[in-house]
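>>> dropping a prediction and its sequence here:
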Amino acid sequence: MKPGAPKHREAGLHGGLVPRHRLFPVLSLLGAIVLLLCGVPQGQAGIVYESPTEFLASGDFNADGILDVLVLDKTTGNARVGYQGTNGFLSWSAPLVTSGENATGCGIGKFLQSNRDAVAVTSPSLNRINLVDLSNTNVAGSPVIIT
């Protein structure tokens, strides 16, 4: 490397250098929180953002009238939901299994119930769409399969 060439690292919180691959999960989480705070009008389908490793979206997954945050890991298909309380804080779920490994598509909408959102997950290897209820913070509902 030439003297003075960039090191491809970003400054950390305390002035130290942090490799970019370690910043990405933090930036993904920050993006999800911004998405939650900006939100979309209630009753409309949310926008799903995609990073190389995750899908990020918002929706009212527990039917409390407050937008929650979804982070779906593409490789495992596991979802984590940040349920927003009335105080504005997020209470994160355990990893919820969607049975959508190697996910290439994700959607949010009132697919299963008229009062709360669910997630739709798909991939070429699945050759189907899994609709999953995320209202329970401990375990995802069994997927409803659309072929």
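Sure, I can see it.

>>> can you give me the helices in the protein?
Per DSSP state H, the chain carries helices over the ranges 20-38.

>>> pLDDT below threshold where in it?
Where the chain drops to pLDDT under 70, the residues are 1-45.

>>> residues touching residue 63, list them.
For residue 63, the residues meeting the contact criterion (C-beta atoms under 8 Å, 6 or more residues apart in numbering) are 113, 115, 116, 135. For glycine as for every other residue, the C-beta is placed from the backbone atoms N, C-alpha and C.

>>> next one: phi and psi at it?
Note on residue 63: its backbone torsions stand at phi 60, psi 30 [degrees, to the nearest 10].

>>> offset the numbering so it begins at 9, please.
OK, 9 is where the count begins now, so the last one is residue 71.

>>> how close does it get to residue 58?
Computed with C-beta to C-beta, to the nearest Å, the distance linking residue 71 and residue 58 is 26 Å.

>>> check residue 86 too.
Distance from residue 86 to residue 58, by C-beta to C-beta: 16 Å.

>>> since that was my last question, I'll sign off now.
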